[in-house]
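*Asks:* Return a 3D structure for these sequence lines:
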Amino acid sequence: QVQLVESGGGLVQPGESLSLSCAATGSAFKWYAVGWFRQHPGANREFVGAVSQSGQTTYYADSVKGRFTVSRDNVKNMVYLQVNNLKPEDTGVYYCALQEGITTAQRMAARAMHYWGKGTLVTVSS
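*Replies:* Now for the predicted structure:
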């Protein structure tokens with residue numbers, strides 16, 4: 001069993017940055033890749049990025065490539081999402097999620113994820 005808790009969201013202006021965190025409990029965390037998703041108001045959850053089990057490789061959606069960075073610390077049981085040069089279209093609730101059996105950084109499908117946090121809200125507005 002894995003529990004995930006996101007934090008770090010907030011209200012920022014376009015062009016600013018945020019550091020989002022995902023704290024994990026449960027022994028399974030260390031064995032699997034972790035993904036970040038976001039959900040705009042009235043829309044489905046969309047994949048943002050993922051980090052491999054080891055933390056050595058990452059994968060990003062084209063819409064955030066070059067602006068977002070996913071990393072993890074398996075000693076601290078933490079996963080991070082650094083979001084830079086934020087745009088109004090980045091507004092949404094950001095979730096971390098884990099799918100048992102997946103160890104590599106790859107595009108993930110929301111419907112396939114086994115564990116979710118409750119999310120942290122990011123609002124980008126001037």
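*Asks:* list the contacts for Tyr94?
*Replies:* Applying CB atoms under 8 Å, 6 or more residues apart in numbering to Tyr94 gives the contacts 6, 9, 20, 36-38, 48, 81, 119-122. Glycine gets a C-beta too; all of them are placed from N, C-alpha and C.
*Asks:* Mark which of the residues you listed are buried, thanks.
*Replies:* Buried residues within the contacts of Tyr94, counting neighbours by 16 or more other CB atoms under 10 Å: 6, 9, 20, 36-38, 48, 81, 119-120, 122.
*Asks:* Out of these, which sit inside helices?
*Replies:* Among the buried ones among the contacts of Tyr94, DSSP state H puts none in helices.
*Asks:* and which of those is nearest to Ala112?
*Replies:* Checking the buried ones among the contacts of Tyr94 against Ala112 by CB to CB gives Phe37 as the nearest, at 11.3 Å.
*Asks:* was I right about that closest one contacting Leu98?
*Replies:* No: counting by CB atoms under 8 Å, Phe37 does not reach Leu98; the two are 11.2 Å apart.
*Asks:* Mind listing the shared neighbours of those two?
*Replies:* Common neighbours of Phe37 and Leu98, counting by CB under 8 Å, 6+ apart, are Met113.
*Asks:* how much space between the residue nearest to the spatial centre of the chain and Ser126?
*Replies:* Centroid-nearest residue in the chain: Trp36, 2.3 Å away (criterion: CA atoms, centre = their mean). Between Trp36 and Ser126 the distance is 24 Å, computed by CB to CB, to the nearest Å.
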